[in-house]
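[1] Model the structure of this input:
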Amino acid sequence: MSLIVKAAVKDALSDHNVSADFYETLDAEVANLIEDAAQRAEANDRKTVQARDL
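    Residues are numbered from 1 along each chain as shown. This next block holds a predicted model:
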């Protein structure tokens, strides 16, 4: 399951070429951010992930 929208990334980088492996790496980075945020929320006895968890 991809967490990013390739078209949105391509639009954001419209002045640049984007390699296929960039999308995969970006998706992995986003997944790591989400997992880290979830762990911080759990460490603070919350089920709600908040902006401050990033």
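[2] For the longest helix anywhere in the chain, list every residue counted as buried.
    For the chain, the helix reaching the highest residue count under DSSP state H is reported as helix 20-43. Residues of helix 20-43 classed as buried: Tyr23, Leu26, Asp27, Ala37, Ala41 (neighbour count, 16 or more other C-beta atoms under 10 Å). C-beta: built from backbone N, CA, C; applies to glycine.
[3] Name the residue closest to the centre of this structure, please.
    With distances taken as C-alpha atoms, centre = their mean, the residue of the chain nearest its centroid is Val30 (2.0 Å).
[4] tell me the contacts of that one?
    Each residue near Val30 by C-beta atoms under 8 Å, 6 or more residues apart in numbering is listed here: Leu3, Ile4.
[5] 10 Å - rerun?
    Taking C-beta atoms under 10 Å, 6 or more residues apart in numbering as the criterion, Val30 is in contact with Ser2, Leu3, Ile4.
[6] Equivalent analysis for Ala43, please.
    By C-beta under 10 Å, 6+ apart, the neighbours of Ala43 are Asp53.
[7] Name the SS class of Lys47, please.
    State at Lys47, reduced to three classes by DSSP: H, G, I helix; E, B strand; the rest coil: coil.
[8] pLDDT score for it?
    The confidence metric pLDDT takes the value 97 at Lys47.
[9] change the start of the numbering to 47 and stick with it
    With 47 as the first residue, the last one maps to Lys93.
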